[in-house]
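Asker: Let's see this in three dimensions:
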Amino acid sequence: MTAPTPYIHFPGTAREALAFYAEVFGGTAQLNTFAEFGRDDGPGDAVAHGMVVGGPVAISGADVAGDEQPVRCEGLMLSLLGTTAPATMRDWFARLSAGGRVVDDLQTRPWGASDGQVVDRHGLHWLIGFEAEDVEGAASAE
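Answerer: Next comes the predicted model:
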């Protein structure tokens, strides 16, 4: 099954945002400018298309052009539930929180799973969590 890849229109901050996500999740930010694409509907050095590659989380984006609207997360969360070892999930939560806003602390819930929510410095709302039994299985998978 193919998972959808978020494609975010940033308000002139795509270069910084995609570099941030590459640092948080691992991988490299590959960026192409408006000038490289022969576009004249934005600044030549603005990002016309970028993506984080080589890491466990896929995300793409660009700077807005013309009358496009930048991202606003309302009623949407990017969910990373059980996608890797709990220690890595905790690290991602901490890194996404830096300069952002914790909506709900990463914590163990009464049913045994752990989760939390954060809106990062670029406005994306993340749900990070893992099941208690993931601790043993994820540790042996790494």
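Asker: Low-confidence ranges, the chain, go.
Answerer: Along the chain, the parts satisfying pLDDT under 70 run over 1, 133-142.
Asker: Recalculate using a threshold of 90.
Answerer: Counting by pLDDT under 90, the chain contains low-confidence ranges at 1-4, 66-67, 71-74, 132-142.
Asker: So the residue nearest to the spatial centre of it, which state does it fall into?
Answerer: Centroid-nearest residue in the chain, with CA atoms, centre = their mean: residue 21, separated by 5.5 Å. Following DSSP: H, G, I helix; E, B strand; the rest coil, we place residue 21 in the helix state.
Asker: Surely it is in contact with residue 57?
Answerer: Yes: between residue 21 and residue 57 there is a contact under CB atoms under 8 Å: 7.1 Å. The way it works is simple: take the backbone N, C-alpha and C, and place the C-beta from them, glycine included.
Asker: and for those two, which residues touch both?
Answerer: Common contacts of residue 21 and residue 57, defined by CB atoms under 8 Å, 6 or more residues apart in numbering, are absent altogether.
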